[in-house]
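>>> sequence first, then the predicted structure:
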Amino acid sequence: MTRPDPFTTPDAKAVANSRIMDFARHTGRDGTDYTALHHWSVTDLEGFWRAVWDYFDIESDTPYEQVLAEERMPGARWFPGATLNYTHHALRNLADDDVAIIALDETGSCYEVTGGRLRAQVASVAATLRELGVGQGDRVVGYLPNTPHAIVAFLAAASLGAVWSVCGQDYAPQAAADRFAQLEPTVLIAADGYLFNGTTHDRRAAVGELGAHLPTLKATLLVDHVGLPRPSHASPSVVVPWEDASTRAEELTCTPVPFDHPLWVVFSSGTTGLPKGIVHGHGGVLLEHLKTLGLHSDLGPGDRLLWYTTTHWMMWNLVASTLLTGATTCTYDGSPAPFAQLDVLWELAARHRATVFGTSPQYLLGMAKYGIDPSAHDLSSIRVVGCTGSALPASAYPWVREHVGDHVLLASISGGTDVVSGFAGSAPTTPVWAGELSAPHLGVALAAYDGEGLPVVDQVGELVVTRPMPSMPLYFWNDPDGTRYRDAYFSSYPGVWRHGDWITVTGHGSVIVHGRSDSTLNRNGVRLGSADIHDVVEHLPEITEALVIGAEEPDGGYWMPLFVVLAAGVTLDDALREKIKEAIRAGASPRHVPDEIIEVPGIPHTRTGKKLEVPVKRLLQGAPVEQVVDPAGVDVPDLIDHFARLSAERRRRPA
């Protein structure tokens, strides 16, 4: 197979000055040969992760006995004997006058939190939590927008060895309680409200309702974020104003905990049953995030990261971890594209000289579709445009080069809440191929497995990881014997992590993500990727978004409809249907042409932006809504009802 030409190749000056190159020199290896560096990182796990520990100068109160005591999956034991604390490492590189956090919102207003102020606030909140009975292993939960308060609260809890979890305030109280009640938290930290698309959302009553669902609470810390009066009604727990909790004069002390002591619980974006709580440890997150942010994103002192996220998406955890590298992180409260100024994120990136700008494919495609030109702002400071959440189509790459700048590294990344990091992406030393992820991340033994469980190249297969990563979950919450954890990742290939994505590892070392393997289209025995169809259709100006599913029918047939959301003023007539089909034939293949094209008012997503392919498929196969999806996990729950009605109408059609 002919190797395609890269869309971009590494800039020689950027390579020479990159941290990944410096890391390679530190290990005595050739940093210009990423393939060789990656091979070493996955064949010598102990040597690689020891080098990461040394390069980033991890400080341990007690030394580790060895790097990897047990390599089996699940159950790998990393750095036994080491005791450390995430918060200590997050704050140790910040001078008092350094800008640690820049708080932004959709109105364009901002304020800065210096290293000294951040350290003081963390110390104060930690002391408040300690007085409220929070100790090592207790749980502290946040019902908060993406503001500095969330980072302060997290660091304060972690400094005590407490376990943190957070979700955004767009979650209904019951949906938040479905997550937090499992943890039996001691303290809730919540805001009075948040901003979105020009509206201030009052969440005071929601905070009270959430607290009533959490019988183990001893106290609620209430953040005055949008300036609403403190509620006068009685609370089921003690209420402490954030101003009182965060302004005490205290010295920060961080409790040393074992390497695998729980740091946080992140919840899956699963749509049936109670969300599963995924537990990660202090040490594993510390090393994995330093590697990902410091080496792959090239972040360090003097850099600034602006990555749009909400607090319940794993990208918030990476936003907080920016502090580990000594760089400045930006929080953002609001819509990514508010009606008042669709390009506000680009304007803020320019004003605050962001060096890494992070977003989603939907955002970049939306900017292109609505004719937004980010280059109207001075984006010369941006070195990296990171993109994750789903596969970034090849069509977006020229747009980014033309409208953001040919100087940026467009880093499409694939990872997951499961490892709270990436499996594959880019680095300053890797070429970029349009529509492809440049390479597996360092330390990630990634492969594509065929149906026989054998690795394949230039063929579609299951994304697997064949050797452990430090940030793989310690366990699932309320899964005492590990059954749910093993079933989630290791039931298909014992001892090998199966992630559930359908990928191709190319002959030139890149990775192409085709979509979730459990939503694979299988027409007449030929497996097709839904992303291949979405990429083509969503490039058409008449289509805002698309979703294709393949449903096995009771009579043995196979139905493959394409659902489309139309742009304003567009009608789905025969001419447009034929245009869509012809685009799919030319851009994918004749096999990809759907059986029907159906207009819908919207496509349902998880709250982290992933299309609900499998739940929609199951609805169209006749499964009842309550068995398919939890509306609390859906961005627009009414859309689920729409697809349920479509299913019912189809079943009523005469045969």
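That came through, no problem.
>>> and the strands in the stretch 251-400 of the chain?
Assignment of strands within the stretch 251-400 of the chain using DSSP state E, counting those that start in this stretch yields the ranges 257-258, 262-267, 277-281, 304-307, 328-333, 356-359, 384-387.
>>> quick one: which of those is nearest residue 204?
Proximity to residue 204 (CB to CB) singles out strand 328-333 among the strands of the stretch 251-400 of the chain, at 16.6 Å. For glycine as for every other residue, the C-beta is placed from the backbone atoms N, C-alpha and C.
>>> partner strands of the closest one and their direction?
Each strand paired with strand 328-333, and its direction, by DSSP bridges: strand 99-105 (parallel), strand 304-307 (parallel).
>>> pick the most deeply packed of these.
Mean neighbours per residue, mean count of other CB atoms under 10 Å, is largest over these for strand 304-307, with a mean of 24.
>>> pull the residues that contact that one.
Under the contact criterion CB atoms under 8 Å, 6 or more residues apart in numbering, strand 304-307 has outside partners 102, 104, 293, 297, 299, 315, 318-319, 322, 327-330, 332, 345, 348-349, 352-359, 381, 386.
>>> what about burial for these, which qualify?
Neighbour counting with 16 or more other CB atoms under 10 Å marks 102, 104, 293, 297, 299, 315, 318-319, 322, 327-330, 332, 345, 348-349, 352-359, 386 as buried within the contacts of strand 304-307.
>>> quick revisit: how about TSV for the strands of the stretch 251-400 of the chain, with distance to residue 168 and mean pLDDT added?
Listed next are these as TSV, based on distance: least, CB to CB, whole Å; pLDDT from 0 to 100:
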stretch	distance to residue 168	mean pLDDT
strand 257-258	27	98
strand 262-267	12	96
strand 277-281	17	97
strand 304-307	15	98
strand 328-333	10	98
strand 356-359	17	97
strand 384-387	20	96
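>>> adding distance to residue 502, write these out as JSON lines.
JSON lines is the format used below for the strands of the stretch 251-400 of the chain (distance: least, CB to CB, whole Å):
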{"stretch": "strand 257-258", "distance to residue 502": "37"}
{"stretch": "strand 262-267", "distance to residue 502": "23"}
{"stretch": "strand 277-281", "distance to residue 502": "22"}
{"stretch": "strand 304-307", "distance to residue 502": "26"}
{"stretch": "strand 328-333", "distance to residue 502": "32"}
{"stretch": "strand 356-359", "distance to residue 502": "24"}
{"stretch": "strand 384-387", "distance to residue 502": "19"}
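>>> residue 241: which of these is closest?
Using CB to CB, these put strand 328-333 closest to residue 241, at 19.5 Å.
>>> distance from the chain centre to the closest one, please.
Distance of strand 328-333 from its chain centroid, counting by CA atoms, centre = their mean, to the nearest Å, is 15 Å.
>>> longest helix anywhere in this structure?
If you go by DSSP state H, the chain has its longest helix at helix 115-131.
>>> what residues sit buried inside it?
Under the neighbour-count criterion of 16+ other CB under 10 Å, helix 115-131 has 115, 117-130 buried.
>>> same question for stretch 371-380.
Buried residues in stretch 371-380, counting neighbours by 16+ other CB under 10 Å, are found at 374, 377, 379.
>>> identify the residue nearest the second one in space, chain neighbours excluded?
Right, residue 377. Spatial nearest neighbour of residue 377, chain neighbours left out: residue 350 (3.7 Å); criterion: CB to CB, 6 or more residues apart in numbering.
>>> my read: that neighbour touches residue 357, true?
No: the pair residue 350 / residue 357 is not scored as a contact, 9.8 Å apart, by CB atoms under 8 Å.
>>> which residues are in contact with both of these two?
The contact sets of residue 350 and residue 357 overlap at residue 379 (CB under 8 Å, 6+ apart).
>>> apart from its chain neighbours, what residue comes closest to residue 534?
What sits nearest to residue 534 in space, not counting adjacent residues and going by CB to CB, 6+ apart, is residue 546, at 5.3 Å.
>>> so that neighbour is in which element?
Assigned by DSSP states H and E, residue 546 belongs to strand 543-548.
>>> buried sites along that strand?
Residues of strand 543-548 classed as buried by neighbour count (16+ other CB under 10 Å): 543, 544, 545, 546, 547, 548.
>>> ok, now stretch 274-286?
For stretch 274-286, a neighbour-count test (16+ other CB under 10 Å) marks 275, 276, 277, 278, 279, 280, 281, 282, 283, 284, 285, 286 as buried.
>>> export those to JSON lines and append columns for distance to residue 210.
Converted to JSON lines, the buried residues of stretch 274-286 look like this (distance: CB to CB, whole Å):
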{"residue": "275", "distance to residue 210": "15"}
{"residue": "276", "distance to residue 210": "20"}
{"residue": "277", "distance to residue 210": "17"}
{"residue": "278", "distance to residue 210": "21"}
{"residue": "279", "distance to residue 210": "22"}
{"residue": "280", "distance to residue 210": "24"}
{"residue": "281", "distance to residue 210": "27"}
{"residue": "282", "distance to residue 210": "27"}
{"residue": "283", "distance to residue 210": "31"}
{"residue": "284", "distance to residue 210": "29"}
{"residue": "285", "distance to residue 210": "26"}
{"residue": "286", "distance to residue 210": "30"}
